[in-house]
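Engineer: Fold the following and give me the result.
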Amino acid sequence: MIGRLQGTYIGNNPDGLALIDVHGVGYAVRVTANASVELTLHPESATLLIHTAVKEDAIDLYGFCNGDELSFFKLLLEVSGVGPKTALGILNLAGVETLRSAIAAGDASYLTRVSGVGKKSAERIVVELKDKFSKLGYGQGHEGRREDSDVLDALTNFGYSLDEARTALKQVSGSDIQTRVKEALKVLSGGGTK
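Structural biologist: So this is what the prediction gives:
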C-alpha cells in the first residue's frame with residue numbers, strides 16, 4: 001500500500017489525474033481541488049498523502065495535501081454507498097471545515113451539489129456522520145463558513161476554473177460575499193487585491 005508520495009508534479013495525464021514523478025516513476029493520482037492548487041503552486045516539492053483503493057481490475061491512488069483531508073475522505077468512505085470518487089467529489093465541493101459544519105448542521109441539500117450525490121445519498125451521509133461532528137463542536141456558525149463555497153460558485157459562473165477560483169480566494173480578505181467576489185475578480189484579472 002502507498003501512503004505518501006514526494007516528488008515532482010509534472011502535469012496531468014489525459015484522464016485528468018495528477019502525475020507525480022518519484023525518482024523516474026510517474027504515479028497517476030486523483031487529487032482534491034485543494035491538492036491540485038498546491039501542486040500547481042509548488043510543482044518541484046510535491047508531497048501528497050495517499051489513500052490506495054484496490055479494486056478487482058485496478059489500483060487507484062487518491063492524493064491529499066494534509067491529514068485532515070485524508071481523514072475526512074476515509075470517514076466518507078465509511079458511509080454506505082459512498083465510494084472513493086464520490087468522496088473526492090464531496091471534498092471538491094468545499095473545505096473540510098465547511099463540509100463538517102454543513103453535515104453537523106444537518107444540511108443535506110448542500111451535499112446534493114456534488115455530481116452523483118442525490119437527496120437520499122446526501123441524507124444518508126448526514127445521518128451517519130452528523131453526531132460525530134456535532135460532538136466535536138462543528139455546526140455552529142455554519143452559514144458563515146459556507147461563504148467560501150458561495151464565492152467559488154460565483155467565480156466559476158464567471159467562467160473561471162475551480163482551481164483558479166480557489167487560488168484567488170486564498171488571496172482575498174473581504175468580510176462579505178460580494179466584496180470577496182470583487183477582490184477575487186481583481187486578483188484573477190491581474191489587478192491584485194486592495
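
Engineer: Who are the packing partners of the helix or strand containing residue 47?
Structural biologist: Using DSSP states H and E, residue 47 maps to strand 46-54. On a contact count with 3 or more Cβ pairs under 8 Å, 6 or more residues apart in numbering; DSSP states H and E, strand 46-54 meets strand 4-12, strand 25-31, helix 33-41, strand 59-64, helix 67-77. No exception for glycine: its C-beta is placed from N, CA and C like everyone else's.

Engineer: Which among these is found nearest to residue 148?
Structural biologist: Among these, the nearest to residue 148 by Cβ to Cβ is helix 33-41 (11.3 Å).

Engineer: Return the closest one as CSV; C-alpha atoms alone will do.
Structural biologist: What follows is helix 33-41 as a C-alpha-only set of coordinates in CSV (Å, rounded to 0.1, in the frame of the first residue of the first chain):
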residue,chain,number,x,y,z
ALA,A,33,-9.1,20.6,-6.0
ASN,A,34,-7.1,21.9,-3.0
ALA,A,35,-4.2,19.5,-3.7
SER,A,36,-4.3,20.4,-7.4
VAL,A,37,-3.8,24.1,-6.5
GLU,A,38,-0.9,23.2,-4.1
LEU,A,39,0.7,21.0,-6.8
THR,A,40,0.5,23.9,-9.3
LEU,A,41,1.9,26.4,-6.9
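
Engineer: Check which residues of it are buried.
Structural biologist: 33-39 (16 or more other Cβ atoms under 10 Å).

Engineer: Make TSV out of these and add pLDDT.
Structural biologist: Below are those laid out as TSV (pLDDT from 0 to 100):
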residue	pLDDT
33	88
34	87
35	91
36	91
37	89
38	91
39	94
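
Engineer: between those residues, which is closest to residue 19?
Structural biologist: Comparing the buried residues of helix 33-41 against residue 19 with Cβ to Cβ places residue 39 closest, at 9.7 Å.

Engineer: out of everything not next to it in sequence, what's closest to that closest one?
Structural biologist: Closest residue to residue 39 apart from its sequence neighbours, by Cβ to Cβ, 6 or more residues apart in numbering: residue 9 at 4.1 Å.

Engineer: Cool, thanks, talk later.
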